[in-house]
Structures are given as structure tokens and as C-alpha cells.
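Asks: Model the structure of this input:
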Amino acid sequence: MIYPEYHSLLESYQEAMLILDDIIEEKEILFSKTQPAGVDYEKERVSGGNPQNVFDRYLIEKERKQIEERIEEARIIVEQRRFLLDCKTEELRRSCHLFDRVYRMRWVDNIPVKRIAANIGYSEMQTYRIVKRIKRNLQSVSKC
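Replies: Below is the predicted model:
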């Protein structure tokens with residue numbers, strides 16, 4: 001059975017994508033601080049002080065947090081995970097094992113159970129039992 005490995009790789013890929021998304025969001029928040037804002041008329045007007053260059057602060061903070069390096073590393077990890085997932089997808093598509101076929105049709109190709117039952121030659125109820133068993137197997141694999 002290949003589907004547990006595929007599912008594990010899919011979860012790893014999704015986790016890597018979330019990490020990359022978090023880093024990019026951190027960069028967006030930092031950049032949004034450089035954008036012009038409206039004048040707050042509630043504050044008292046005070047003259048003097050040092051004018052601050054917002055963009056320079058952005059560049060300094062970006063360098064301090066090493067955002068570009070972290071984005072590049074996360075992007076490489078995502079690409080590697082995607083490659084592994086693509087390889088496992090091809091392996092899953094070639095598999096003749098019943099559970100692999102049902103998993104592929106249900107979760108990869110999003111085929112309804114009724115059509116899966118017709119494709120594999122089982123009753124709809126038996127196909128639902130197979131889907132339920134696959135879900136239990138995936139939950140036990142995820143706990144480990």
C-alpha cells in the first residue's frame with residue numbers, strides 16, 4: 001500500500017507551504033509599515049526630533065530577521081517536498097492495490113463514492129466501508 005506514504009508526504013508538503021506562507025506574511029507586515037498612512041489629528045503636534053526614514057528601518061529590520069534567506073530556504077524545501085509528492089503521486093496512480101486505487105480516486109481525483117464503487121466493481125456500502133477503513137488507517141499513521 002502506497003497511500004499512507006503519499007498522505008504523509010502530502011502533510012509534510014502542506015506544512016512546508018504554511019511555513020513559507022508565514023515567512024512571506026511576516027515580510028508583508030514589515031513592508032506595510034513603509035506605506036504612507038493618514039495623519040492622526042488626535043495627537044498633539046510637536047516640532048523637532050529626528051525625522052525617521054521608514055524604508056531604511058524596513059531594510060534594517062528585514063536584514064536583522066534574515067527574511068530573504070528564510071524565504072529562499074523555505075522555498076527550496078517546498079520544491080523538494082513537491083518533487084517527492086509528485087513522484088509518490090505517479091507511484092500511487094500506477095498501484096493496483098484496491099486501497100490505493102480507492103484513496104486515489106476519493107482524495108486525489110475527488111471522485112464521489114458512488115462512481116468509485118462502479119469503477120472497482122464493489123457495492124456502494126462496501127466502498128464506504130473501504131473509505132472508512134482508509135480513514136482509520138490514516139489516523140493511526142498520523143498519530144505515530
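Asks: Count the residues that sit near residue 24.
Replies: 15 (other C-beta atoms under 10 Å). Any C-beta I mention is one placed from the backbone N, CA and C, and that applies to glycine too.
Asks: and for the helix or strand of the chain with the lowest mean pLDDT, what are the contacting residues?
Replies: In the chain, no helix or strand scores lower on mean pLDDT, DSSP states H and E than helix 54-64, which sits at a mean of 77. Here helix 54-64 makes contact (C-beta atoms under 8 Å, 6 or more residues apart in numbering) with 27, 30-31, 33-34, 68.
Asks: hmm, which of those residues are the buried ones?
Replies: Buried by 16 or more other C-beta atoms under 10 Å: 27, 30, out of the contacts of helix 54-64.
Asks: Name the pair among the contacts of helix 54-64 with the greatest separation in space.
Replies: Using C-beta to C-beta, the two most remote members of the contacts of helix 54-64 are 33 and 68, lying 17.0 Å apart.
Asks: Pull out the buried residues from the lengthiest helix in the chain.
Replies: Longest helix of the chain, by residue count under DSSP state H: helix 3-32. Under the neighbour-count criterion of 16+ other C-beta under 10 Å, helix 3-32 has 3-4, 6-10, 13, 16, 20, 23, 27, 30 buried.
Asks: Of the residues you listed, just say which sits nearest to residue 90.
Replies: Nearest to residue 90 among the buried residues of helix 3-32 is residue 6, at 10.3 Å by C-beta to C-beta.
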